[in-house]
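Visitor: Can you look at this prediction? I've put the sequence above it.
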Amino acid sequence: MNNDLLKVFFIIWGLILFFELVWFASFSYGAHSPSDAIFAITVIAVTSVFGSVGLCLFKRA
C-alpha cells in the first residue's frame with residue numbers, strides 16, 4: 001500500500017482515538033455509572049486494537 005495513504009489512515013485513527021479520550025475525560029466531570037466508564041474504556045480498547053491491526057495489515061499489503 002502507498003505510504004501516503006498509510007499516513008492518512010494513521011492520522012485518522014489518531015484523531016478518532018483523541019476524540020474518544022476527550023469523551024472519556026468528560027466522564028470525570030459528572031456523575032456517571034461505572035458501566036458508562038467501562039463502555040468508554042471498551043470502545044477505546046477496541047479502536048486501539050482494530051486500528052493497530054489494520055495498519056499492520058495495510059503495511060504488509
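Guide: Structure received. In this text the structure is predicted, and so the values were computed from the model without any measurement.
Visitor: Okay, and the most centrally placed residue in the chain sits in which element?
Guide: Centroid check for the chain by C-alpha atoms, centre = their mean gives Leu17 as the closest residue, at 3.3 Å. Per DSSP states H and E: Leu17 is located in helix 3-25.
Visitor: immediately after that helix, which helix or strand?
Guide: Using DSSP H and E, the next helix or strand after helix 3-25 towards the C-terminus is helix 34-60.
Visitor: Show me what that following helix is packed against.
Guide: Here helix 34-60 touches helix 3-25, going by 3 or more C-beta pairs under 8 Å, 6 or more residues apart in numbering; DSSP states H and E. C-betas here are computed from N, CA, C, even on glycine.
Visitor: Could you list the buried residues of the helix holding Leu17?
Guide: For helix 3-25, the neighbour count (16 or more other C-beta atoms under 10 Å) marks Phe10, Trp13, Glu20, Phe24 as buried.
Visitor: Name the residues that touch it?
Guide: Under the criterion C-beta atoms under 8 Å, 6 or more residues apart in numbering, residues Ala37, Ala40, Ile41, Val43, Ile44, Thr47, Ser48, Gly51, Gly54, Leu55, Phe58, Lys59 lie in contact with helix 3-25.
Visitor: Any figure for the gap between the second one and Gly14?
Guide: Summarising the geometry, the distance separating Ala40 from Gly14, computed by C-beta to C-beta, to the nearest Å, is 18 Å.
Visitor: what's the closest of the buried residues of helix 3-25 to His32?
Guide: His32 lies nearest to Phe24 out of these, by C-beta to C-beta, at 10.5 Å.
Visitor: What's the separation between that closest one and Ser48?
Guide: Relative to Ser48, and taking C-beta to C-beta, Phe24 is found at 12 Å.
Visitor: so who does Thr47 touch?
Guide: Listed by C-beta under 8 Å, 6+ apart, the contact set of Thr47 reads Trp13, Ile16, Leu17, Glu20.
Visitor: now with 7 Å?
Guide: By C-beta atoms under 7 Å, 6 or more residues apart in numbering, Thr47 lies in contact with Ile16, Leu17, Glu20.
Visitor: gap between it and Ile41?
Guide: From Thr47 across to Ile41, the span is 11 Å (C-beta to C-beta).
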